[in-house]
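> structure for the following, please:
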Amino acid sequence: MEDKKAVVQKILEERGLKAVYQPIVSLKDGSIHAYEALSRITSNEIGINIGEAFEIAGECGLLWEMEKQCRTNALKGAKNKPKNTKLFINIDGNVLRDTTFQKGFTKEKLEKYSIDIAEVVLEITERSDFDDKELLNGLMEHYRSQGYMLAIDDLGSGYSGLNRLQIIKPGYVKIDYELVHEINKDKSKKSLVRMLARYCSDMEYKL
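Alright, predicted model coming up:
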């Protein structure tokens, strides 16, 4: 573990992270509704991917340091994004357990880069501990009280997907890729997605 921790520390010390942006396109008219900020490691010689880096950071007490750099990169790179588009930023709910966690950090960066908080959607990643309801409630209270909209990703993957949906009550819901892949050939997938779409419509969640 010490060797892995050293790798993550090297990434953080050398600012070896960058933001890339994936467009979220409306199926109604093909317009770009939002951009999802994703983090990548800049060096090809590190030997681990970004998911592994976050996992190691969580185990070594470096999670908030990783989150800080990723959020900063995401917001700095999005300061000139097209008007009337939203920015999705992935967040790991476990940061609330990190003793170095700084409240208000993201809001400070929004002000620095002149981004309206109404344009930002915080997407709770699958790395978050969804079995810890106290943590989840604290996470939602912390961010909703500041005016952020929340989203959940990969709905339909794993056993806890519907439970997450009911607990978090997000503004946005993103269905897991496997559930929609080749949906035109699968009656079961069509039925499940139809059910989820109806539920999200009833609850006024954007799907």
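> what's around Lys174, how many residues?
18 (other C-beta atoms under 10 Å). The way it works is simple: take the backbone N, C-alpha and C, and place the C-beta from them, glycine included.
> quick test: name the residue nearest the centre of this protein.
By C-alpha atoms, centre = their mean, the chain has its centre lying nearest to Asn90, at 2.0 Å.
> that one contacts Thr125, correct?
Yes: if you go by C-beta atoms under 8 Å, Asn90 and Thr125 touch, sitting 5.0 Å apart.
> identify the contacts common to the two.
Here Asn90 and Thr125 have Asp153 as joint contacts, going by C-beta atoms under 8 Å, 6 or more residues apart in numbering.
> determine the longest helix present in this protein.
Ranked by residue count, the top helix of the chain under DSSP state H comes out as helix 187-203.
> output that one in PDB, but only the C-alpha positions, please.
What follows is helix 187-203, C-alpha atoms only, in PDB (Å, rounded to 0.1, in the frame of the first residue of the first chain):
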ATOM      1  CA  LYS A 187     -38.300  -6.400 -24.800                       C
ATOM      2  CA  SER A 188     -37.300  -6.600 -21.100                       C
ATOM      3  CA  LYS A 189     -35.000  -3.600 -21.300                       C
ATOM      4  CA  LYS A 190     -37.700  -1.600 -23.100                       C
ATOM      5  CA  SER A 191     -40.100  -2.400 -20.300                       C
ATOM      6  CA  LEU A 192     -37.700  -1.500 -17.500                       C
ATOM      7  CA  VAL A 193     -36.600   1.800 -19.100                       C
ATOM      8  CA  ARG A 194     -40.300   2.700 -19.700                       C
ATOM      9  CA  MET A 195     -41.000   2.100 -16.000                       C
ATOM     10  CA  LEU A 196     -38.000   4.200 -15.000                       C
ATOM     11  CA  ALA A 197     -39.000   7.000 -17.400                       C
ATOM     12  CA  ARG A 198     -42.500   7.000 -16.000                       C
ATOM     13  CA  TYR A 199     -41.300   7.100 -12.400                       C
ATOM     14  CA  CYS A 200     -38.800  10.000 -13.200                       C
ATOM     15  CA  SER A 201     -41.600  11.900 -14.900                       C
ATOM     16  CA  ASP A 202     -43.900  11.500 -12.000                       C
ATOM     17  CA  MET A 203     -41.200  12.700  -9.600                       C
END
